[in-house]
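**Q** Just to be clear, the model below is a prediction. Sequence and coordinates:
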Amino acid sequence: MAWLEITIPTGGQDLQALAQALTCAGFSDLVIEDQAEFEQFLEENRACWDYIDEDFQKRLMGLSQIKLYLEDTDRESLSRLEAFAEERNLPVQKAPLAQTDWDEDWKKNYPPQYVGKRLVVLPYWLAEQAGEAELPVILDPGLTFGTGAHPSTQMVMEAMENLVRPGFRCLDLGSGSGILSITALRLGAERAVGVDIDRKAEDAARENAAYNGFGEPEFTALTGNVLEDRGLMDSLAAEAWDLVFVNIVADVIIALSHSLPRLLGSGSTAICSGILDTRLRDVKAALSKAGLEIIGENAKEDWRCVTVRRRTL
């Protein structure tokens with residue numbers, strides 16, 4: 001079946017009102033692209049990230065349009081749509097979509113990711129491709145953030161190769177897909193606990209752990225905000241963690257810095273990543289003020305990763 005992608009630039013007209021009119025005219029499954037809405041979303045969620053792709057922002061500049069999709073043989077619907085647009089003095093842009101097996105084609109975007117010396121992140125449909133000397137970390141990349149492709153995640157995994165020892169107990173704050181917890185277990189850790197503020201992340205991490213053969217009590221996924229839930233922080237601090245990893249963003253690491261020493265014993269280590277190079281100084285200052293000593297630092301592209309331990313007197 002062949003399809004047409006129809007794009008209707010709004011020409012300054014009210015985007016939501018136009019979408020509602022299209023729906024009333026019988027056109028559903030609309031894709032609304034609006035720069036103002038995107039910028040509002042960024043502003044409301046600014047604490048969740050430091051970095052937005054500049055090329056993506058440029059493509060959104062001035063964007064206000066609606067897209068929908070019609071079978072190329074559906075001449076009646078196309079004629080009705082063109083009449084709708086002509087009545088409102090709007091252009092209609094039509095482009096054929098290439099014939100694609102959508103169920104399979106998206107998988108091409110997730111090749112194996114080789115990290116460090118032995119680790120390889122594999123989507124579940126390539127689970128059998130790991131070599132004998134490789135440690136596979138198997139994921140469903142469609143579930144949530146954390147596919148092994150981002151430099152911040154890779155730097156934590158590389159650091160973990162040198163730090164994880166058999167029997168380690170690891171805590172993963174901002175666990176997302178669970179990739180770092182699974183990596184720790186692959187490297188020989190006895191137990192890993194992943195904590196994320198998103199309930200969907202908890203479910204995804206548990207499912208990804210199962211792809212790798214890990215479940216309770218080896219892996220535990222929790223939902224909660226360690227910055228706001230004192231009970232959760234107290235329960236985590238009551239455990240003895242050998243390694244803590246925090247792969248989030250600079251502002252969250254800074255906010256967590258005063259609590260990190262509670263999670264670290266005298267021989268424990270924390271890996272902090274997701275830090276843009278422009279924020280590294282701020283993060284290091286906060287960690288130092290909290291009584292943590294920086295014992296390692298790594299860089300990849302614009303991102304930085306630091307390893308810390310409690311400062312000894």
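**A** That came through fine. Predicted model only: the values in this text are computed from it and were never measured.
**Q** Spell out the residue ranges of the helices in the stretch 101-250 of the chain.
**A** According to DSSP state H, counting those that start in this stretch, the stretch 101-250 of the chain carries its helices in the segments 102-105, 151-163, 179-186, 199-211, 230-237, 250-256.
**Q** These: which one's closest to V283?
**A** helix 250-256 (5.3 Å; C-beta to C-beta). For every residue, glycine as well, the C-beta is placed using N, CA and C.
**Q** Can you name every helix or strand that whatever helix or strand comes next after the closest one contacts?
**A** Remark: after helix 250-256, the chain's next helix or strand is helix 260-263, criterion DSSP states H and E. Secondary-structure packing of helix 260-263 (3 or more C-beta pairs under 8 Å, 6 or more residues apart in numbering; DSSP states H and E): helix 230-237, strand 241-247.
**Q** wait, doesn't M155 sit right on C305?
**A** Yes - M155 is within contact range of C305, at 3.8 Å (criterion: C-beta atoms under 8 Å).
**Q** Common neighbours of the two, please.
**A** S273, N298 (C-beta atoms under 8 Å, 6 or more residues apart in numbering).
**Q** which residue of this protein sits farthest from its center?
**A** E87 (42.9 Å; C-alpha atoms, centre = their mean).
**Q** Dihedrals phi and psi, that one?
**A** phi -60, psi -30 (degrees, to the nearest 10).
**Q** and Q40, what pLDDT?
**A** pLDDT recorded at Q40 is 57.
**Q** Could I get the full set of strands for this protein?
**A** 3-9, 31-34, 64-71, 93-97, 113-115, 119-123, 135-139, 169-173, 191-196, 219-223, 241-247, 264-276, 292-300, 303-310 (DSSP state E).
**Q** so which of those strands comes closest to C24?
**A** Per C-beta to C-beta, nearest to C24 of the strands of the chain: strand 64-71, 13.6 Å.
**Q** to the chain's geometric centre, what's the distance from the closest one?
**A** The chain centre lies 27 Å from the centre of strand 64-71; the measure is C-alpha atoms, centre = their mean, to the nearest Å.
**Q** Then stretch 16-25?
**A** Worked out by C-alpha atoms, centre = their mean, stretch 16-25 lies 33 Å from the chain centre.
**Q** Leaving out chain neighbours, which residue sits closest to V164?
**A** L187 (4.0 Å; C-beta to C-beta, 6 or more residues apart in numbering).
**Q** returning to that earlier point: lowest-confidence stretch among the strands of the chain?
**A** strand 31-34 (a mean of 82).
**Q** Which other helices and strands does it contact?
**A** Strand 31-34 packs on helix 15-24, strand 64-71, going by 3+ C-beta pairs under 8 Å, 6+ apart.
**Q** how does it look with 10 Å?
**A** strand 3-9, helix 15-24, helix 54-60, strand 64-71 (3 or more C-beta pairs under 10 Å, 6 or more residues apart in numbering; DSSP states H and E).
**Q** Could you measure from S257 over to A290?
**A** Distance, S257 to A290, by C-beta to C-beta, to the nearest Å: 4 Å.
**Q** Compare those two (neighbour count), which wins?
**A** S257 (23 against 18; other C-beta atoms under 10 Å).
**Q** That one is in contact with V306, isn't it?
**A** No - with contact defined as C-beta atoms under 10 Å, S257 does not reach V306; the gap is 11.1 Å.
**Q** still on that earlier bit, what residues are shared contacts of S257 and A290?
**A** Here S257 and A290 have V308 as joint contacts, going by C-beta atoms under 10 Å, 6 or more residues apart in numbering.
**Q** hmm, back to that, and among the helices of the stretch 101-250 of the chain, the most buried is which?
**A** helix 179-186 (a mean of 28; mean count of other C-beta atoms under 10 Å).
**Q** Beta-bridge partners for I32, please?
**A** I66 (DSSP bridges).
**Q** No more questions from me, cheers.
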